[in-house]
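Chemist: Just the structure for this:
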Amino acid sequence: MEKENIIRCGWCSASDLYKKYHDEEWGVPVYDDSSLFEFLILETFQAGLSWITILNKRENFRNAFDHFDYKKIANYSEEKIKELLQNTGIIRNKLKVKSAVSNAQAFMEVQKEFGSFSAYIWKFTDGKPIDNNPKTLKDVPATTPLSDAISKDLKKRGFKFVGSTVIYAHMQATGMVNDHIQDCWTRTQ
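Modeler: Numbers count the residues shown, from 1 in each chain. Coordinates of the predicted model:
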């Protein structure tokens, strides 16, 4: 299919990077813990910002955060945190940087309890994506009762910056929900 003459979800038309993300990643089910952690950290940094801002800095985040190795991040020292806060290639929000460390620690606690983070997070959807089949972007919610419940459970487990909107965005990014609009080319693939 010619990728320039196709219908996509309207939110991704701003740049080629956005289109590539939409076409290749957004809404594709992710079951790998390392990838789930990467999306979780990126989503927490996105809180209050646009996703394109994070996407443009994604490689910088990967390099700054040891390719999202949660075992390393869980043990970051104050010195490493100060170093990250000087890195102009990432979002230099002190609370978000510190939350990456505590979220890595909480992530590993969930792994201990459930065997993997994937087993934990996907249990909320019985291991299968939810297809909302929205007709237009107006039909795509920012939160749902399910994202409310997951957010509440994550917060109870010590996660930070995991409000319902962040969690719903995480669910979309990792394919727990499919919110590609009905006319989007990805629905025919």
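Chemist: pretty sure residue 85 is in contact with residue 94, am I right?
Modeler: Yes - between residue 85 and residue 94 there is a contact under C-beta atoms under 8 Å: 6.1 Å. (Glycine included, C-beta is placed from N, CA and C.)
Chemist: Find the helix or strand that the residue lying closest to residue 31 once chain neighbours are set aside is a member of.
Modeler: Excluding the flanking residues, the one nearest residue 31 by C-beta to C-beta, 6 or more residues apart in numbering is residue 118, at 4.8 Å. Following DSSP states H and E, one finds residue 118 within helix 117-122.
Chemist: quick one: contacts of that helix?
Modeler: Contact with helix 117-122 is made by 31-33, 36-37, 107, 110-111, 113-114, 150, 174, 176, as judged by C-beta atoms under 8 Å, 6 or more residues apart in numbering.
Chemist: need the residues you listed in JSON lines with secondary structure, can you?
Modeler: Shown next, in JSON lines, are these (DSSP: H, G, I helix; E, B strand; the rest coil):
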{"residue": "31", "secondary structure": "coil"}
{"residue": "32", "secondary structure": "coil"}
{"residue": "33", "secondary structure": "helix"}
{"residue": "36", "secondary structure": "helix"}
{"residue": "37", "secondary structure": "helix"}
{"residue": "107", "secondary structure": "helix"}
{"residue": "110", "secondary structure": "helix"}
{"residue": "111", "secondary structure": "helix"}
{"residue": "113", "secondary structure": "helix"}
{"residue": "114", "secondary structure": "helix"}
{"residue": "150", "secondary structure": "helix"}
{"residue": "174", "secondary structure": "coil"}
{"residue": "176", "secondary structure": "coil"}
